[in-house]
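Undergrad: the following block contains a protein sequence and its predicted model.
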Amino acid sequence: MFFEVLKNKTLAELYKLLEDRKKEQLNMRIQMRTSQEFKAHRIKEVRRDIAKIQTRIVQKKSEGVM
């Protein structure tokens with residue numbers, strides 16, 4: 001996910017996206033623990049996506065955009 005895409009999102013959209021990514025991360029952890037097939041490279045991508053989203057949320061809050 002590119003950071004430029006996140007710049008145009010509202011806080012509500014960012015929180016929804018964050019929730020979706022965290023659910024995806026949880027599902028991948030469960031798949032990994034139960035020895036199901038999953039795409040290992042996605043774990044790293046999702047973790048970084050979560051960090052990017054959280055960074056953008058903090059930036060928006062500091063700008064005073066609610």
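TA: Arrived safely.

Undergrad: tell me the centre residue of the chain?
TA: Centroid-nearest residue in the chain, with C-alpha atoms, centre = their mean: Ile50, separated by 3.0 Å.

Undergrad: run through the residues that contact that one.
TA: Leu18, Arg21, Lys22, Gln25 (C-beta atoms under 8 Å, 6 or more residues apart in numbering). Placement of C-beta: from N, CA and C, glycine included.

Undergrad: next secondary structure element downstream of the worst-scoring helix or strand of the chain on mean pLDDT?
TA: Ranking every helix and strand in the chain by mean pLDDT, DSSP states H and E puts helix 3-7 at the bottom, with a mean of 86. Once the chain leaves helix 3-7, the next helix or strand it forms, by DSSP states H and E, is helix 11-33.

Undergrad: just the buried residues of that following helix, please?
TA: By neighbour count on 16 or more other C-beta atoms under 10 Å, the buried set for helix 11-33 is Leu14, Leu17, Leu18, Arg21, Glu24, Gln25, Met28.

Undergrad: what comes into contact with that helix?
TA: By C-beta under 8 Å, 6+ apart, the residues outside helix 11-33 that reach it are 6, 9, 37-38, 42-43, 46-47, 49-50, 53-54, 56-57, 60-61, 65-66.
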